[in-house]
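Trainee: using only what follows, build the 3D model:
(2 chains)
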2 protein chains.
Amino acid sequence: MVQFQPILNSLKSYEAGKPIELVVREFGIDPEKVIKLGSNENPFGCSPAVVKAVQDFAPKMSYYPDDSYLDLKNSLAQKFDVTPDRIIPGNGSDQVLDFACRCVLAPGDSVLINRITFAMYRIYALQCGAKVHSTETVPHDLSAFLDLAKVVKPKILFLCTPSNPVGDALSKADVYEFLRQLSPDTLVVIDAAYMEFGKQKDPAKFIPAKEVTDLFPNVFYTGTFSKVYGLGGMRIGYGIGNAELIKNIYKMRPPFSVANLSALAATEALKNEGHVENYLRTNLEEMKRYEKFATEQSIEFIDSYANFITLFARKHGKSSTEVAQSLLRKGIILRDLKSYELNAIRITIGRPEQNEKVFEALKEEFL
Amino acid sequence: MVQFQPILNSLKSYEAGKPIELVVREFGIDPEKVIKLGSNENPFGCSPAVVKAVQDFAPKMSYYPDDSYLDLKNSLAQKFDVTPDRIIPGNGSDQVLDFACRCVLAPGDSVLINRITFAMYRIYALQCGAKVHSTETVPHDLSAFLDLAKVVKPKILFLCTPSNPVGDALSKADVYEFLRQLSPDTLVVIDAAYMEFGKQKDPAKFIPAKEVTDLFPNVFYTGTFSKVYGLGGMRIGYGIGNAELIKNIYKMRPPFSVANLSALAATEALKNEGHVENYLRTNLEEMKRYEKFATEQSIEFIDSYANFITLFARKHGKSSTEVAQSLLRKGIILRDLKSYELNAIRITIGRPEQNEKVFEALKEEFL
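Mentor: Residues are numbered from 1 along each chain as shown, chains lettered A, B, ... in the order given. Now for the predicted structure:
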């Protein structure tokens, strides 16, 4: 019998946000009427110019991608003001996180993460046989990170800012001060999947990829096209670091790691920043409506620098799981944060008319 | 300074086939005139119905995929007459090969491959710290595999049939006899990327996924949409095994491993088998033209059961590298097999009019 690695026994799979297809299958709801606000996608979709570019290129799907991904890397290099050799594309930014783990981690090595954070950090680290340590607070606490780092000497430390799944964000000044004090032997991953939202709400939270990786050669900065750019389904993200770091991480990359249509869509998306700016503006306006709604209804929430908001279920009312299930039956997909050990729901900020329906539905739950 | 895994020093990157973009960049040739026969893509592209399905779905690119990939798995289950829990989708079949390696291999474990074979087997095994052993002949020699397996006790053994990059194929009877004699502790990967071509040229070479994985629980059978289905750019493949094996391999799969447009394209492709049959027929007819051409020109070649043919360069004439470079300047992309230590070129069987141009160009090289 084939023997598997013992680590498989302790690996849990990532619990993905529920797809529209599931609501259709389980509750027989018209797919066009499902309101999907569980996975922090851009509710306006990607730019129409991107849709057109993909449609035009579709007849050429049979050709393998240009494995140098030169067009995409040049476009990202221009956006971030770095040379292309400082960029690695990935099948979603999670793929470059995986590469980073496999480049650095040997069995028994330590990894340090926030208590509540993107679940894949832990999973990738465990797959490498690493030991995962975490801080104790819900939002990131850099002094706790520093104290723990001195003890566990992590090979990798993950900061997610703005943070998924709760939305808190670190200021650039605090992160730089933290990095100055941390051992330069630790690879620090700054997962900036929601950075564009944080930058817009509070410029002090903006950490520029070039600056931070110039100043700190141990920083690997990751970003994605799944959020502001509206390309969640296309699985495309990237990592930025100094050239030496990227050269090493590239060694774990398989050929053709990103589909040609995905690379094309991302390249085109970078030409249409106006679409992104409109979305960012609406997101912030609608975020304020959620905050107002929560305040009026006396629902506790976390101040969010992303495209979602986390609302706590009432201690003596319905649990987050009950609220999420109840809305699901009405065709509204939210994320229950129970698997993160929080009695809370996370809602992607939707289009104004979607949010209106969420408010109505939530009022009934939080009576 | 960040310390990387020592294994990185010895890792070589996969050398991908040259993209059209490179020929355009280097030689200023009109992209529409480039003849790309270096990467074994379907020269007729995918079915027009697939193109249309992708174009119609494009506005929904912002949604993450249904992570259960239920539609795709149901379609594959129907094609292979297995239950969906015996299938794992991948970002290309190479991704499921990677999962299999990481599930099974610990540092120091042995892996057994053919001397000349798909380069990623070695790379994935080395990434896991495994020791890679290989047989000595160019085509697969199952008795040599068996003898070596007794000595090195491989955790994984890779069979590629029909084989990339030379095109030889094993018969089902020989493979089953081999599997009966091999230790059931060894995971046997049967990479069937070109199986549809082999089946058509000689039904005795056809190894059915259900039968082989029913009979031998240690077999992991992999297939791809990159070849006959004409979806090389979309990065979509799959693995089939018994349910227990697949359950374990699934644990190494990250969420959303395949783009939603890719899963959709593959599902649609399975509804259009007529397109595939037309291609298979033309491929075989054109293969015969290549064989006739090579025989007339006294060029040594390997009998191929795939969609490509391997021609040896003459001992006292131009080297394979010189031939490949010369054709590249004319806008014809072939694969030089020098990196596989063969003085040979591999040519994808193209459309009739493309092949005509290849014959003309080759005649000048092999004078």
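Trainee: my guess is A:D336 meets A:N343, correct?
Mentor: No. Using Cβ atoms under 8 Å, A:D336 is not in contact with A:N343, being 9.3 Å away. Backbone N, C-alpha and C define where each C-beta goes, glycine included.
Trainee: mutual contacts of the two, please.
Mentor: Counting by Cβ atoms under 8 Å, 6 or more residues apart in numbering or on different chains, the contacts common to A:D336 and A:N343 are A:S320.
Trainee: more crowded one of those two?
Mentor: Taking other Cβ atoms under 10 Å in any protein chain shown, A:D336 and A:N343 do not tie; A:D336 has more neighbours (24 against 16).
Trainee: what's the neighbour count on the residue nearest to the more buried one when sequence neighbours are not counted?
Mentor: Excluding the flanking residues, the one nearest A:D336 by Cβ to Cβ, 6 or more residues apart in numbering or on different chains is A:A324, at 3.9 Å. When neighbours are defined as other Cβ under 10 Å, A:A324 has 25 of them.
Trainee: what sits against A:A324?
Mentor: Taking Cβ under 8 Å, 6+ apart, we find A:A324 in contact with A:334-336, A:345.
Trainee: next, format those as TSV and append secondary structure.
Mentor: Formatted as TSV, the contacts of A:A324 follow (DSSP: H, G, I helix; E, B strand; the rest coil):
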residue	secondary structure
A:L334	coil
A:R335	strand
A:D336	strand
A:I345	strand
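Trainee: now, among these, which is nearest to chain B?
Mentor: Distance to chain B, by Cβ to the nearest Cβ, is smallest for A:R335 among the contacts of A:A324, at 12.0 Å.
Trainee: ok so, going back, any chance of the contacts of A:A324 in TSV with pLDDT as columns?
Mentor: Output for the contacts of A:A324, formatted as TSV (pLDDT from 0 to 100):
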residue	pLDDT
A:L334	96
A:R335	96
A:D336	96
A:I345	97
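Trainee: center of chain A - which residue?
Mentor: Among the residues of chain A, the one closest to the centroid is A:A193, at 4.4 Å (Cα atoms, centre = their mean).
Trainee: doesn't that one belong to a strand?
Mentor: No. Assessed with three-state DSSP, A:A193 is coil; it does not lie in a strand.
Trainee: can you give me the buried ones in the helix or strand A:D147 falls within?
Mentor: Under the criterion of DSSP states H and E, A:D147 resides in helix A:142-152. Within helix A:142-152, the residues that count as buried by 16 or more other Cβ atoms under 10 Å in any protein chain shown are A:142, A:144-145, A:148-149.
Trainee: is any residue of it near chain B?
Mentor: No. Helix A:142-152 lies apart from chain B when judged by Cβ under 8 Å from any Cβ of the partner chain; the minimum separation is 14.1 Å.
Trainee: for that helix, list the C-alpha coordinates in CSV.
Mentor: What follows is helix A:142-152, C-alpha atoms only, in CSV (Å, rounded to 0.1, in the frame of the first residue of the first chain):
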residue,chain,number,x,y,z
LEU,A,142,3.2,44.1,16.2
SER,A,143,4.7,44.2,19.6
ALA,A,144,3.3,40.8,20.4
PHE,A,145,4.7,39.6,17.0
LEU,A,146,8.1,41.0,18.0
ASP,A,147,8.1,39.3,21.5
LEU,A,148,7.1,36.0,20.0
ALA,A,149,9.6,36.2,17.2
LYS,A,150,12.4,36.5,19.7
VAL,A,151,11.3,33.2,21.3
VAL,A,152,10.3,31.1,18.3
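Trainee: whichever helix or strand comes after it vs chain B: in contact?
Mentor: Per DSSP H and E, the first helix or strand lying C-terminal to helix A:142-152 is strand A:156-160. No. Strand A:156-160 does not reach chain B (Cβ under 8 Å from any Cβ); its nearest approach is 8.9 Å.
Trainee: remind me what strand A:156-160 packs against, helices and strands.
Mentor: Judged by 3 or more Cβ pairs under 8 Å, 6 or more residues apart in numbering or on different chains; DSSP states H and E, the packing partners of strand A:156-160 are helix A:93-104, strand A:110-113, helix A:120-127, helix A:142-152, strand A:187-191.
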